[in-house]
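J.: dropping a prediction and its sequence here:
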Amino acid sequence: MTLVRMELLLLLVVVTSSTQVSMSGGDGDVIYTNNPICIKNRCVNPLTPGLNDLPRLGGLVWQCSEPGVVQEYLHFCRAAVDYDPAVPSPENTSTALDAIVQAQDSAASTMFVYHLGALGYEAWDFKHQEDRDLDPCVSKIYEMVCYTYFPKNQAGCKSGSQIPYLKPCKTPCEKYLEACQVECCDNSATCVFELTSDLGGGEVSTVTGYVDQKSPSAVCTGHSASSASSRAGAPLQLLLALFGLQLARLGSDMPKASESDCQRGTGPRNWILLSVLAGCAVSLQGCSLAVPTHSRANWRRKPDYLIKYEHVPPGQPPSTAILNSCTPGAAAREVCSGHGQCMPWSHSPLKLAAPGESIVNLGVAFCECDSGWADPECRTQRKSQLKAFFLSLFGGFFGLDRFYLGFPISGLIKLVTLGGLGTWWLYDVVRIGSAPVYAKDFRVSNDLAHWVFVLIAVLLFTGVGIVYSLYSYGGYRKLKRAEAEKTHGDLDVSMDRSEGMQGARLRPAAFGYSGYGSTIS
């Protein structure tokens, strides 16, 4: 019976995993199908950080650098670049190496900050390397942007010679997809691809993925490969596991069974299960096209966050848009949408600011938003910690706090379980009230005074303790009363029985008294 339950569970996983497939059409275009019960997670456009810059970087002229020279000028990518990277060669100009490295380092920092914003992260929480190492997803984003803007030297190249741009290998991309749990529900979240789209007027846009090689490799950039799981082979592995369970049931060494047991082991139920498994195996080959399909990947249907977060100077056409409003030359009234200020991103300024010089001229800088605003350009209004706390306090049993923060699935589970029978409710009350937590996008606004939370928490726990104490004391008294009633009841019954058996012989004699000091009469 246990094997049957395991088979049914694996079968459910197989069915849900096999409902999203990608097929190749007759003209070479990729065709996708949606998984109807899948939940998208961190499916953004571009899919990976720096993906749109790969064609531009591939078109530049790159030079082989001397061993150990570039690392001296690295700031942001110092921890990730443990190899000798190539550097772009400026056209018709002579630029110092430190300026070239700083420009690439700033580009990697910019893509890191904006991709974190697209995923709902607070970039300023991960300014330092020790903070980036604490979150696996952020750590993989950091590696991706550094591998993209600092390709490694071609093997055996001479210093100063022109070399091709070595794109990142597929391994860092696969690590990113796994660590960040990226799910687009149509099997389009892959690392090796080439997608084209018609922009109109005969113009075609081509988006290419990463090199189909595992790192380390001589033809691409990347760190040593670890156990990157295969996302596409799961349904086949589950099917093999199911067939293995069937063979284990039919051929296992068991004591001699009766004829009825043998008939039950090869009954209609097993044949039905095997038939369903065979149908799943056929469906995984793409034999049936009677399902809705689309040729544009789900992540490409999303709005481009680089366009969403771009900055257009006031009174200027959209063609003058820039990615970061804190770039040098921006007026103070134009930066951060008026809801923040520009702050340097580097650990230490490259030079001291001269009198009247803007801080953005000291290197790369980004917006540090006011308390009520978020995203790289401070345009997204944060959710309120005060509202979330009181929703958790008074409506947490119904999941209202989870719905407000943008987590409907966990809110529904919390509603069905009535706040996890009180445990989940109490946990969320403390979690949301103690510090600003992450909503679906960015942290909530820090508008709940800490003393208010402490006061409410003390009163709450004191009240819960008093109620529990009264309830326990009442139960204890009720138990003692019941024991006493039982004891007295047994004593009365035994006395009644004694009187019935011994009669007046056991009844005490009647004595009379006739005043103080009188004798017994």
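T.: Sure thing, it's come through.
J.: surely residue 97 is in contact with residue 87?
T.: Yes. Assessed by CB atoms under 8 Å, residue 97 is found in contact with residue 87 at 6.8 Å. For the C-beta atoms, the positions are set from N, CA and C on the backbone; glycine is no exception.
J.: what touches both of these two?
T.: 65, 70 (CB atoms under 8 Å, 6 or more residues apart in numbering).
J.: so between those two, which is more surrounded?
T.: A direct count of neighbours by other CB atoms under 10 Å for residue 97 and residue 87 places residue 87 higher, at 22 against 15.
J.: would you mind measuring from that one to residue 96?
T.: 11 Å (CB to CB, to the nearest Å).
J.: any common contacting residues for those two?
T.: Joint contacts of residue 87 and residue 96 (CB under 8 Å, 6+ apart) do not exist.
J.: low-confidence ranges, the stretch 201-350 of the chain, go.
T.: 201-205, 224-271, 273, 277-291, 329-333, 347-350 (pLDDT under 70).
J.: what's opposite the closest residue in space to residue 154 that isn't next to it in sequence in the beta bridge?
T.: In this structure, residue 154 finds its nearest non-sequential neighbour in residue 163, 4.1 Å apart by CB to CB, 6 or more residues apart in numbering. Beta-bridge partners recorded for residue 163 (DSSP bridges): residue 62.
J.: what is the burial count for residue 163?
T.: Quick note: residue 163 (other CB under 10 Å) scores 19 neighbours.
J.: tell me the contacts of it?
T.: The contact partners of residue 163, by CB under 8 Å, 6+ apart, come to 62-64, 86, 153-154, 157.
J.: mind doing that once more with 6 Å?
T.: For residue 163, the contact set (CB atoms under 6 Å, 6 or more residues apart in numbering) comprises 62, 64, 86, 154, 157.
J.: closest to residue 460 among these?
T.: residue 86 (60.0 Å; CB to CB).
J.: and that closest one, how many residues sit next to it?
T.: Residue 86: 23 neighbours (other CB under 10 Å).
J.: residue 222 and residue 192: what is the separation?
T.: 13 Å.
J.: give the burial count for residue 334, as a bare number.
T.: Neighbours around residue 334, by other CB under 10 Å: 16.
J.: revised request: answer the last question for residue 99.
T.: Neighbours of residue 99 using other CB under 10 Å come to 11.
J.: so which strand or helix has it?
T.: Using DSSP states H and E, residue 99 sits within helix 97-118.
J.: which stretches of the stretch 1-150 of the chain form strands?
T.: 22-24, 30-33, 62-63, 87-88 (DSSP state E, counting those that start in this stretch).
J.: make CSV out of the ones you listed and add distance to residue 480 and mean pLDDT.
T.: Formatted as CSV, those follow (distance: least, CB to CB, whole Å; pLDDT from 0 to 100):
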stretch, distance to residue 480, mean pLDDT
strand 22-24, 71, 51
strand 30-33, 68, 82
strand 62-63, 87, 94
strand 87-88, 85, 93
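J.: residue 390: which of those is closest?
T.: Closest among the strands of the stretch 1-150 of the chain, using CB to CB: strand 30-33, at 43.2 Å.
J.: partner strands of the closest one, parallel or antiparallel?
T.: Counting by DSSP bridges, the strands paired with strand 30-33 are strand 22-24 (antiparallel), strand 293-294 (antiparallel).
J.: and the nearest residue to residue 167 once chain neighbours are set aside, bridged to which residues?
T.: Sequence neighbours aside, residue 211 is the residue nearest to residue 167 in space, at 5.2 Å (criterion: CB to CB, 6+ apart). Following DSSP bridges, residue 211 is listed with bridge partners residue 169.
J.: quick one, what contacts residue 211?
T.: Contacts of residue 211 were listed using CB under 6 Å, 6+ apart, and they are 167, 169, 220.
J.: pretty sure the second one is touching residue 220, no?
T.: Yes. Residue 169 lies in contact with residue 220 (CB atoms under 6 Å); the separation is 3.9 Å.
J.: who has more neighbours out of the two?
T.: The neighbour comparison of residue 169 against residue 220 (other CB under 10 Å) goes to residue 169, with 25 against 22.
J.: and residue 368, what are its phi and psi?
T.: Dihedral pair for residue 368: phi -110, psi 110, per degrees, to the nearest 10.
J.: ok, now residue 342?
T.: As for residue 342, its main-chain torsions (degrees, to the nearest 10) stand at phi -80, psi 130.
J.: offset the numbering so it begins at 22, please.
T.: Sure, I'll start numbering at 22, so the last one becomes residue 363.
J.: leaving out chain neighbours, which residue sits closest to it?
T.: Nearest residue to residue 363, sequence neighbours excluded (CB to CB, 6+ apart): residue 347, at 3.8 Å.
J.: for residue 400, same thing?
T.: Closest to residue 400 by CB to CB, 6+ apart is residue 358, at 5.1 Å.
J.: these two touch, right, that neighbour and residue 398?
T.: Yes. With contact defined as CB under 6 Å, residue 358 counts as touching residue 398 (5.4 Å).
J.: and these two? Which one has more around it.
T.: residue 398 (25 against 16).
J.: tell me the contacts of that one?
T.: Counted by CB under 6 Å, 6+ apart, residue 398 has contacts 330, 358.
J.: so how far is residue 355 from it?
T.: 11 Å.
J.: for residue 399, same thing?
T.: 12 Å.
J.: next: residue 413.
T.: 39 Å.
J.: residue 343 too?
T.: Taken as CB to CB, the span from residue 343 to residue 355 is 10 Å.
J.: residue 318 too?
T.: The span separating residue 318 from residue 355 equals 35 Å under the rule CB to CB.
J.: circling back: distance to residue 506 added to the contacts of residue 232, as CSV?
T.: Formatted as CSV, the contacts of residue 232 follow (distance: CB to CB, whole Å):
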residue, distance to residue 506
188, 85
190, 80
241, 84
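J.: which one of the residues you listed sits closest to residue 502?
T.: Nearest to residue 502 among the contacts of residue 232, with distances taken as CB to CB, is residue 190, at 76.3 Å.
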